[in-house]
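Asks: Kindly return the folded structure for what I paste below:
(2 chains)
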Amino acid sequence: MILNKNLKNILLVIFATLILSACSTGKKSGSVDGDVYTGKETVKYLASGVPDRVFFATNKSSLTTASRATLRKQATFLRKNKKLNVTIEGHADERGTREYNLALGERRANAARDYLMTYGISGKRISVISYGKEKPINPASTSLAWSQNRRSVTVKVN
Amino acid sequence: MKKLFLIFFLNAFLINKSYALIEVDITRGNLDPLPIAVSPLHVDIKSEDYEDIKIKNLGSNISEIIENNFRSTGLFNPLKKEAFVQKPDIAHLKPRFEDWRLIKSQALVTGKILIKDGKLKVEFRLWDLAAAKEMTALAFTTTPSNWRRVAHIISDKIYERLTGEEGYFDTRIIYVAENGPKNQRVKKLAIMDQDGANTKYLTLGNELVLTPRFNPTNQMVTYMSYFRNMPRVYLLDIETGTQEVVGNFPGMTFAPRFSPDGKKIVMSFAKDGNSDIYTMDIESRIVERITDHSSIDTSPSFSPDGKFIAFNSDRSGLQQIYVMRSDGTGVKRITFGNGIYGTPVWSPRGDLIAFTKMRKGRFYIGVMRVDGTGERLLTENYYQEAPSWSPNGRVLVFYRETKAGAKGEGFSAKLWSIDITGYNERQLKTGTDASDPSWSSLLSK
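Replies: Alright, predicted model coming up:
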């Protein structure tokens, strides 16, 4: 089972890399749509098929269709695991001022939290924390890295 | 901080300024710095060593610090000592003006030090070589361990006499020292003298710390810490090391700054995805909400008279700079240029606001008048932000980050300073990578 999961992740990463190398120009270049990341690289899973994070456009905190789908999966997962609490970490890319990015990360984390709450998850089970631009998942200075860093990540706390 | 006792003034402050022939114009970029000779301070033969301070080199060490200070302004050109024509003790009594003029110097600094009975006695004189006159002189006594500050105070007095403006050398800079790979940075609060000496670390690096700012009236600092994973604004006394959370907010507080009288902290509080500006009175603990808007309002900065607050907000869509009365009324947008604007910081003189501007993937540090007119961009780079003013409003210090490679390699964060004329950009010496600088007011004021 664990082996299977790992294998699946590795395959996804390979797949994503293939797409990336296959087309590196154009508006919908590989795993970035507009400037929202749509790939699977860096993504972890709360459970099989439940991605832990959603991605945002530059300076934005609105949820894309794909993000909402991800959050609905998280909501389903949280409904099944009633004793589980989570923290949503909000992050920004490095291309803004530090203080504004702290606020932006908080706004992104709350966008995800609000959506989970509309699917019946109690706000008491979801805390938020913003890290602004302080914790990039991808340290490169490329637009792909920045798109992966503009994220909110749902983390189990118990 | 040990107290510095001013013992007695020599006559020079009484000299009428109109007699001075040398004047340094600092209102524009100075491309022709004033040649100045800083003689090593003469060491009185009755001097004794004090603890680990060797009296033998102290005179030249002090003069070197003064020279470094002058060089860093871009306004002065300290001349090489090899060319000096008189011994320090003789020059201090009465320079042979015509000989000093031969080495093309326009001003001469001389001085004398004595360490006796655990006390450091210092005197110095500034000479106008063309006019063959003493321009200023000062003597004071302090503890020998203050010898670096002695050099900075002398530098301030000479700077003031030659430029007509307050100096900024006897000051410190607090900043965030950074270590480790880009995606696992360890950050500590650090403090150093303005010239990079005497670095001390104030936190251990166990938790993320950001944006330290000096109280303009004393040695208190406000900053943001992720202590216990609760991002909050803290108040820190750097003399005693005691610290406390500011206010009792049920969520993240950030972007703190003191009011000009040092009695309030203005900051942002983020709740349910919305950041607004609040103040807290340090003594009474009374918290006031200043803005109430569904957009992000942050990076507040008081005007030096305390009547206004500049801040940035994305209420128009993207970050722009706004000014309001300090009670939150009369909000007015002041930036309308191309690009987005952040981190407004009011000059201690009150006439300018420094800011960060982002446009087409480049970052600028600039200044504008407080109504938003007269924007001047001083420096452009890949990434830089967070300007902080020297206490005399002449120089900005900020931090700059470099572009990183695929694994984060090549990344660095350093402190830089630039004159508000846009000239004299230079990197500050720090032992580690560094960000979020804040300049103190003059220590000896």
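
Asks: Do a quick rundown of the helices in the stretch 101-250 of chain B.
Replies: With DSSP state H, counting those that start in this stretch as the criterion, the stretch 101-250 of chain B has helices at B:147-163.

Asks: ranges for the strands of it?
Replies: Along the stretch 101-250 of chain B, counting by DSSP state E, counting those that start in this stretch, strands occupy B:107-116, B:119-128, B:133-142, B:172-179, B:186-193, B:200-201, B:209-214, B:220-225, B:232-237, B:243-245.

Asks: Would you mind telling me which of the ones you listed is nearest A:Val86?
Replies: strand B:232-237 (21.3 Å; C-beta to C-beta). Every residue, glycine included, has its C-beta placed from N, CA and C.

Asks: Residue numbers of chain A in contact with chain B?
Replies: Contact residues (C-beta under 8 Å from any C-beta of the partner chain) of chain A with chain B: A:59, A:61, A:94-100, A:102-104, A:106-107, A:109-111, A:114, A:129-131, A:134-142.

Asks: Listing request: residues of the stretch 301-445 of chain B with sub-threshold pLDDT.
Replies: B:445 (pLDDT under 70).

Asks: Only the buried subset of the residues of chain A next to chain B, as a PyMOL command please.
Replies: Provided next is the PyMOL selection string for whichever of these are buried by 16 or more other C-beta atoms under 10 Å in any protein chain shown:
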select buried, chain A and resi 59+61+94+95+96+97+98+99+100+102+103+104+106+107+109+110+111+129+130+131+134+135+136+137+138+139+140+141
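
Asks: Can you find the helix or strand in chain A with the smallest mean pLDDT?
Replies: helix A:2-22 (a mean of 47; mean pLDDT, DSSP states H and E).

Asks: Name every strand pairing with whichever helix or strand comes after that one and say which way it goes.
Replies: Downstream of helix A:2-22, the first helix or strand assigned by DSSP states H and E is strand A:32-33. Counting by DSSP bridges, the strands paired with strand A:32-33 are strand A:36-37 (antiparallel).

Asks: Contacts for the partner strand next, please.
Replies: With contacts defined as C-beta atoms under 8 Å, 6 or more residues apart in numbering or on different chains, strand A:36-37 is touched by A:Ser31, A:Phe55, A:Phe56, A:Ala57, A:Thr64, A:Ala66, A:Leu144, A:Ser147, A:Gln148, A:Arg150, A:Arg151.

Asks: what does the stretch 151-300 of chain B put close to chain A?
Replies: When proximity is defined by C-beta under 8 Å from any C-beta, the stretch 151-300 of chain B lies next to chain A at B:181-183, B:185, B:208, B:210-211, B:229, B:231, B:251-252, B:254-255, B:268, B:270, B:272-275, B:296, B:298-299.

Asks: Would you list the buried entries among those?
Replies: Listed as buried from these are B:182-183, B:185, B:208, B:210-211, B:231, B:251-252, B:254-255, B:268, B:270, B:273-275, B:296, B:298-299; burial here means 16+ other C-beta under 10 Å.

Asks: shouldn't A:Val128 be in contact with A:Thr87?
Replies: Yes - with contact defined as C-beta atoms under 8 Å, A:Val128 reaches A:Thr87; the gap is 6.9 Å.

Asks: which one of those two has more residues nearby?
Replies: Set A:Val128 next to A:Thr87 and count neighbours by other C-beta atoms under 10 Å in any protein chain shown: A:Val128 wins out with 26 against 16.

Asks: The more buried one bridge partners, please.
Replies: A:Ile88.

Asks: List the contacts of it.
Replies: Going by C-beta under 8 Å, 6+ apart, A:Val128 touches A:Thr87, A:Ile88, A:Glu89, A:Gly90, A:Glu106, A:Ala109, A:Asn110, A:Arg113.

Asks: List just the nearest of these to B:Thr421.
Replies: Using C-beta to C-beta, the shortest approach to B:Thr421 within the contacts of A:Val128 belongs to A:Glu106, at 38.1 Å.

Asks: And the pLDDT for B:Ile55?
Replies: At B:Ile55, the pLDDT value in this model is 88.

Asks: That one: what's it in contact with?
Replies: B:Val43, B:Ser47, B:Glu48, B:Asp49, B:Ile113, B:Ile115.

Asks: from those, which are also near chain A?
Replies: Among the contacts of B:Ile55, not one lies near chain A by C-beta under 8 Å from any C-beta.

Asks: filter those residues to the buried ones?
Replies: For those, a burial check counting by 16+ other C-beta under 10 Å picks out B:Val43, B:Ser47, B:Ile113, B:Ile115.

Asks: Is any residue of stretch B:345-365 near chain A?
Replies: Yes - between stretch B:345-365 and chain A, judged by C-beta under 8 Å from any C-beta, the touching residues are B:Thr356, B:Met358, B:Gly361.

Asks: which one of the residues you listed sits closest to chain A?
Replies: Distance to chain A across the residues of stretch B:345-365 next to chain A (C-beta to the nearest C-beta) is lowest for B:Thr356, with 5.5 Å.

Asks: Let me know how buried the closest residue to that closest one other than its chain neighbours is, in neighbour terms.
Replies: With sequence-adjacent residues excluded and distances taken as C-beta to C-beta, 6 or more residues apart in numbering or on different chains, B:Thr356 is closest to B:Glu385, at 4.1 Å. The number of residues packed near B:Glu385 is 26, by other C-beta under 10 Å.

Asks: B:Glu385: which element?
Replies: strand B:383-389.

Asks: what packs against that strand?
Replies: Identification of packing neighbours for strand B:383-389 by 3 or more C-beta pairs under 8 Å, 6 or more residues apart in numbering or on different chains; DSSP states H and E yields strand B:340-346, strand B:352-359, strand B:362-369, strand B:395-401, strand B:433-439.

Asks: can I get those strands in JSON lines with distance to B:Ser145 and mean neighbour count?
Replies: Listed next are those as JSON lines, based on distance: least, C-beta to C-beta, whole Å; neighbours: other C-beta atoms under 10 Å in any protein chain shown:
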{"stretch": "strand B:340-346", "distance to B:Ser145": "33", "mean neighbour count": "26"}
{"stretch": "strand B:352-359", "distance to B:Ser145": "35", "mean neighbour count": "23"}
{"stretch": "strand B:362-369", "distance to B:Ser145": "36", "mean neighbour count": "20"}
{"stretch": "strand B:395-401", "distance to B:Ser145": "26", "mean neighbour count": "24"}
{"stretch": "strand B:433-439", "distance to B:Ser145": "23", "mean neighbour count": "24"}
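
Asks: Perfect, I'm done here.
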